[in-house]
Each structure stands twice: as C-alpha cells, then as structure tokens.
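**Q** Quick one, structure for this:
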Amino acid sequence: MFIQLEHGESIDEREIIGIFDIDLSGRARSTLDLFKRKDGETGVISLCNDIPKSFLLCDNAFGDRIYITGLSTESVKKRFEKGLK
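**A** Modelled structure (predicted):
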C-alpha cells in the first residue's frame, strides 16, 4: 500500500523506517548530522511549500531517503493506518 504525501508524491509503506516531528527531533545533533549527510547525497526531498512539520526516513532501492513534509506526524500516521485497513 502507498501513502500519499504532498505534490503527488507517494511512498510504499514498507519503505518507511520512521515518522518524526521536525520540531521535536529536528534540533538533535544526530538528526542534523543525518540531514547534512543525506543532503550531500541528494537523499533529502522537500515536499512542502510552507513550514515543514514532519519528516519520514525511508529505505528503498535507491538507498535511505528523507522526505520533508508540511503534514503533521498525526496526519501521516492516519494515512498510514488507513492504508493498513
């Protein structure tokens, strides 16, 4: 099952490693290091036009990717749970 994010981007739910609130975990040193490393590898994909609210860490055939979205973690979780039904 695929989860619809923003701008027509969909992610296979099996690829999702974690869904994180950008305000709560975005300031941690380890998170900043991960963003910096992935950005250098073009592994950061921004899907929001406004203020980012969450990010998804995913692993697929292309390697680890970070999707930044304007959706709240609760909204992404609801879409994930809806896909499981």
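
**Q** Pull out the buried residues from the helix or strand of the chain with the lowest mean pLDDT.
**A** The helix or strand of the chain with the lowest confidence, counting by mean pLDDT, DSSP states H and E, is helix 73-84 at a mean of 85. Buried residues in helix 73-84, counted by 16 or more other CB atoms under 10 Å: T73, V76, R79, F80. (C-beta placed from N, C-alpha, C; glycine too.)

**Q** Kindly report the same for stretch 43-53.
**A** So, applying 16+ other CB under 10 Å, buried residues of stretch 43-53: G43, V44, I45, L47, C48, P52, K53.

**Q** And stretch 28-48, by the same measure?
**A** By neighbour count with 16+ other CB under 10 Å, stretch 28-48 contains the buried residues T31, L34, F35, K38, G43, V44, I45, L47, C48.

**Q** mind putting those residues in CSV, distance to D59, pLDDT and secondary structure included?
**A** Shown next, in CSV, are the buried residues of stretch 28-48 (distance: CB to CB, whole Å; pLDDT from 0 to 100; DSSP: H, G, I helix; E, B strand; the rest coil):
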residue, distance to D59, pLDDT, secondary structure
T31, 17, 90, helix
L34, 13, 89, helix
F35, 16, 89, helix
K38, 12, 88, helix
G43, 10, 89, coil
V44, 14, 92, strand
I45, 14, 92, strand
L47, 18, 94, coil
C48, 21, 90, coil
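
**Q** ok, so of those, who is nearest G63?
**A** The closest of the buried residues of stretch 28-48 to G63 turns out to be G43 (CB to CB; 6.4 Å).

**Q** Name all residues that make contact with the closest one.
**A** G43 is in contact with G63, D64, R65, I66, counting by CB atoms under 8 Å, 6 or more residues apart in numbering.

**Q** need these in CSV with neighbour count and distance to I22, can you?
**A** Below are these laid out as CSV (neighbours: other CB atoms under 10 Å; distance: CB to CB, whole Å):
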residue, neighbour count, distance to I22
G63, 11, 21
D64, 15, 17
R65, 19, 16
I66, 20, 11
